[in-house]
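Asker: structure of the sequence below:
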Amino acid sequence: MLVVALGTGSVAVAQDDNQALIERIKPLGQVHVKGAVTESAGGTRSGEAVYQAACVACHGTGALGAPKLADQADWQPRIDERGFDTLLDHALNGFNAMPARGACGDCSDDEIQAAIEFMTDFK
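Answerer: Residues are numbered from 1 along each chain as shown. Coordinates of the predicted model:
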């Protein structure tokens with residue numbers, strides 16, 4: 001980059017170089033997964049959306065002892081013994097056969113929490 005110290009002209013040269021650099025390194029495109037909602041596309045995913053995308057494989061079937069969706073007999077003892085904060089910690093950091101973040105690497109902490117709240121809604 002050449003900056004010429006001739007009054008205000010040096011600022012214009014530096015700004016032009018910065019803009020040219022930004023144009024050269026900008027992404028060529030974006031990846032969009034059909035049906036996925038991202039924060040940039042409109043906000044945080046609901047608990048149900050996270051469940052459907054990342055949790056249903058185990059929590060829909062009870063695989064490897066996973067408590068099933070809205071099954072009070074599966075969830076209530078865990079909630080009573082450990083409390084919700086421990087369930088959230090296990091979901092975020094992994095526990096037994098459950099991987100960290102439930103294998104949802106792009107889920108925020110709030111989205112993981114919403115998924116647990118969805119799965120433990122016994123209505």
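Asker: which segments of the chain make up each domain?
Answerer: 1-30, 39-119 (automatic domain parsing).
Asker: contacts for the host helix or strand of E81?
Answerer: According to DSSP states H and E, E81 maps onto helix 72-82. Helix 72-82 is contacted from outside by G62, P67, K68, L87, H90, M119, T120, F122, using C-beta atoms under 8 Å, 6 or more residues apart in numbering. C-beta: built from backbone N, CA, C; applies to glycine.
Asker: G94 contacts A103, doesn't it?
Answerer: No: using C-beta atoms under 8 Å, G94 is not in contact with A103; the gap is 9.5 Å.
Asker: helix or strand right after the one helix or strand in the chain whose mean pLDDT sits lowest?
Answerer: Every helix and strand in the chain was compared by mean pLDDT, DSSP states H and E; the lowest is helix 9-25, with a mean of 67. Note on helix 9-25: by DSSP H and E, the next helix or strand toward the C-terminus is helix 47-50.
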